[in-house]
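J.: Please work out how this folds:
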Amino acid sequence: MSDKTQERDVYAAIADPTRRQLIRLLADAEELPLHELTSQFQMGRTAVSKHLAILKDADLVIARRVGRETRYRLNAKPLQEIQDWVSYYEDFWKERMAKLNLLLEEEK
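T.: Below is the predicted model of the structure:
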């Protein structure tokens, strides 16, 4: 898989609010079984499993079998790509706000 495809997968994976909530739940816990994740949503196990599969394909989630149960944990490393992309725009807006503040000060 190329880096560009990986980026698209990460961005697509976090585009859905349910998947972002799954990421949040996994970030707050070391590891959670599917039934605990499912209990946090008003959807069935199959739907939650499909969302987890998308996160897993984007390498954001790691699944581990323990007996008959699958446990999930967050792999936050791919989120660094998102952070790097967003940080450019954070700097962009800081610069724009600084210029606006200077302009407002000049008008006083």
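J.: Give me the neighbour count for the nearest residue to Ala27 once chain neighbours are set aside.
T.: Once flanking residues are discounted, Ala27 sits nearest to Leu74: 5.3 Å by CB to CB, 6 or more residues apart in numbering. Every residue, glycine included, has its C-beta placed from N, CA and C. Residues lying near Leu74 (other CB atoms under 10 Å) number 21.
J.: Quick check, Leu74 in contact with Leu26.
T.: Yes. The pair Leu74 / Leu26 is scored as a contact, 3.8 Å apart, by CB atoms under 8 Å.
J.: Please enumerate the shared neighbours of the two.
T.: Val61 (CB atoms under 8 Å, 6 or more residues apart in numbering).
J.: and the residue nearest the centre of the chain, backbone torsions?
T.: Residue closest to the average C-alpha location in the chain (CA atoms, centre = their mean): Ile14, at 4.6 Å. In terms of degrees, to the nearest 10, the main-chain angles of Ile14 are phi -90, psi 0.
J.: Model confidence for the nearest residue to it once chain neighbours are set aside, exactly?
T.: Using CB to CB, 6+ apart and skipping the chain neighbours, the partner closest in space to Ile14 is Arg20 (5.8 Å). Arg20 is assigned a predicted lDDT (pLDDT) of 97.
J.: Quickly find the element holding Arg20.
T.: helix 17-27 (DSSP states H and E).
J.: just how off-centre is the helix or strand following that helix within its chain?
T.: Once helix 17-27 ends, the next helix or strand along the chain (criterion: DSSP H and E) is strand 32-33. Relative to its chain's centre, strand 32-33 lies at 17 Å (CA atoms, centre = their mean, to the nearest Å).
J.: Can you tell me what sits against strand 32-33?
T.: 25-26, 66, 69-73.
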